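Chemist: Whatever this is, show me its structure:
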Amino acid sequence: MTQVLSAAGCLLGLIGIVLAVFFYIKSRKFKRLSFSVRTFGILSDSTTKLPGFGASYEGNPIERLTAAKILLWNSRTDIIHSSDLTSEDPIRFQLPDESIVLAVSVSAVSSKTNKVSVLVVGDKDKEIEVTLDYLAPKEGCLLSVMHTAEDDAQFQASGTVKGVGTPNYHQSSEFGNKTPLIGLLGGLLFWGSISLIWLASFPWKLVVPSAFVFIFAFSFLCDIIANILSKKAGHELYEKFAGDLSPSEFTQPPA
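Modeler: Got it, this is the predicted structure:
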């Protein structure tokens with residue numbers, strides 16, 4: 001009976017720790033820009049090489065045409081202001097060499113007051129610079145890009161958010177298979193309760209190593225929860241902007 005009560009006490013204590021971590025992360029102010037990319041191949045280089053076939057964009061010949069959607073959002077809990085960005089190292093997305101950006105625009109934005117704007121920069125027209133007035137937590141924008149890179153080409157993000165660094169990349173496929181928060185915490189609770197019961201049998205000389213293990217697990221849990229909340233915000237924005245994710249705007253002729 002004593003062992004059962006001890007185990008129950010350990011489990012309740014662990015639940016309290018997990019809840020404390022969760023509400024600590026929710027209440028603490030963090031800043032982080034995250035982004036994700038979806039691409040749609042419109043015209044491949046194998047098609048443009050067919051005999052008698054040619055393609056051009058605004059009078060300039062092209063070998064391929066690819067459309068991309070870049071989702072950029074504030075994935076943490078503090079407002080990102082324009083003053084948090086630097087003019088010396090602005091937020092940019094760059095294509096691989098030997099490819100150019102043909103057009104870019106802001107397809108959707110959480111609020112007009114965010115004042116998000118984009119511009120093609122660089123000597124070879126392969127960089128997209130993003131400016132904004134602010135992004136509140138879970139707010140973001142969707143950029144539509146037409147370029148000549150392969151449809152599996154990766155955009156490289158650069159730029160500095162003061163005290164944070166460059167935007168963090170998330171694969172768009174992660175949002176469709178997001179890990180349920182309750183299921184993850186349940187597994188951690190089970191593992192943690194068994195571990196605490198096992199650690200309770202350790203002699204006193206192993207208390208310090210056990211404390212280090214606990215601190216590492218606590219930090220790891222903080223990181224897991226923060227990343228889950230970040231992906232959750234991205235998934236919600238993808239659902240909100242779902243009508244703007246279709247490549248149809250690239251293929252329909254202008255009215």
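
Chemist: Only C-alpha atoms from now on, for both contacts and neighbour counts.
Modeler: Noted.

Chemist: continuing past the helix or strand Ser107 falls within, what's the next helix or strand?
Modeler: Secondary structure from DSSP states H and E places Ser107 in strand 101-109. For strand 101-109, the succeeding helix or strand toward the C-terminus, using DSSP H and E, is strand 117-121.

Chemist: Quick one: list the elements packing against that following strand.
Modeler: Contacts defined by 3 or more C-alpha pairs under 8 Å, 6 or more residues apart in numbering; DSSP states H and E place strand 117-121 against strand 101-109, strand 127-131.

Chemist: Parallel or antiparallel, which strands does that strand pair with?
Modeler: Strand 117-121 pairs in its sheet with strand 127-131 (antiparallel), by DSSP bridges.

Chemist: which parts of stretch 38-54 are buried?
Modeler: The neighbour-count check on stretch 38-54 (16 or more other C-alpha atoms under 10 Å) flags Arg38, Thr39, Phe40, Gly41, Leu43, Ser44, Thr48 as buried.

Chemist: hmm, which two among those are most spread apart?
Modeler: Using C-alpha to C-alpha, the buried residues of stretch 38-54 span at most 22.9 Å, a distance reached by Arg38 and Thr48.

Chemist: circling back to that earlier point, would you turn the buried residues of stretch 38-54 into a markdown table with distance to Leu119 and secondary structure?
Modeler: Formatted as a markdown table, these follow (distance: C-alpha to C-alpha, whole Å; DSSP: H, G, I helix; E, B strand; the rest coil):
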| residue | distance to Leu119 | secondary structure |
| --- | --- | --- |
| Arg38 | 19 | strand |
| Thr39 | 19 | strand |
| Phe40 | 21 | strand |
| Gly41 | 22 | strand |
| Leu43 | 24 | strand |
| Ser44 | 25 | coil |
| Thr48 | 28 | helix |
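
Chemist: Which of those sits closest to Glu239?
Modeler: Arg38 (13.7 Å).

Chemist: Closest to Pro167 out of the buried residues of stretch 38-54?
Modeler: The nearest member of the buried residues of stretch 38-54 to Pro167, counting by C-alpha to C-alpha, is Arg38 at 16.3 Å.

Chemist: And that closest one, what's its pLDDT?
Modeler: The score at Arg38 is 88. That number is its pLDDT.

Chemist: Show me what it is bridged to.
Modeler: The partner residues for Arg38, given DSSP bridges, come to Lys69.
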